[in-house]
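Enquirer: Give me a 3D structure for the following:
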Amino acid sequence: MQTERVPLRNSVGEGFVIPLGPVNLVGVVARNGMVGCGAVDVAALDRFGYPAARVRPSTGPSIATIGDLLAGIVKEANSNAQGLGVREGMTGREALDHLS
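Expert: Below is the predicted model of the structure:
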């Protein structure tokens with residue numbers, strides 16, 4: 001597993017990349033929620049009251065790195081994340097800034 005600190009607007013997030021065979025599980029946990037790759041189940045996290053969004057790649061076939069995640073486009077945000085200003089179509093970095 002690779003970890004990386006990610007500077008955000010109001011705090012510092014903790015990024016992670018977990019290799020899972022041919023793909024990576026990628027996410028960044030901010031002070032008030034997280035943004036992850038397409039494998040993250042934001043609906044399940046919503047049931048626990050945890051703000052989360054998932055992104056699709058802005059280029060290329062998948063989210064493989066933290067840089068890909070930050071540049072990715074929010075495909076889905078749960079209601080808790082939406083309550084903090086996260087919207088579909090913003091970048092992963094913009095979403096994390098709302099969660100920081």
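Enquirer: From now on I want contacts and neighbour counts done on CA atoms only, so please keep to that.
Expert: Fine.
Enquirer: Which stretches in the chain count as strands?
Expert: For the chain, the strands defined by DSSP state E occupy 2-7, 12-20, 23-30, 33-36, 52-56, 73-77.
Enquirer: From the centre of this protein, point out the most distant residue.
Expert: Note on the chain: the largest C-alpha distance from the chain mean falls to residue 21, namely 20.5 Å (Cα atoms, centre = their mean).
Enquirer: The longest helix belonging to the chain packs against which elements?
Expert: When the chain is scanned for its longest helix (criterion: DSSP state H), the result is helix 92-99. Helices and strands touching helix 92-99, by 3 or more Cα pairs under 8 Å, 6 or more residues apart in numbering; DSSP states H and E, are strand 23-30, strand 33-36, helix 66-71, strand 73-77.
Enquirer: rewinding a little: let me know which of the strands of the chain is tucked in deepest.
Expert: Highest mean neighbour count of those: strand 52-56, a mean of 28 (counted as mean count of other Cα atoms under 10 Å).
Enquirer: Can you pull out the residues in contact with that one?
Expert: With contact meaning Cα atoms under 8 Å, 6 or more residues apart in numbering, strand 52-56 is reached by 33-40, 42, 45-46, 62-63, 69, 72-78, 80-81, 86, 91-92, 95.
Enquirer: switch to 7 Å and redo it
Expert: With contact meaning Cα atoms under 7 Å, 6 or more residues apart in numbering, strand 52-56 is reached by 33-38, 40, 42, 45, 63, 69, 72-78, 81, 92.
Enquirer: and that strand, how far from the chain's centre?
Expert: When C-alpha coordinates are averaged (Cα atoms, centre = their mean, to the nearest Å), strand 52-56 and its chain have centres 5 Å apart.
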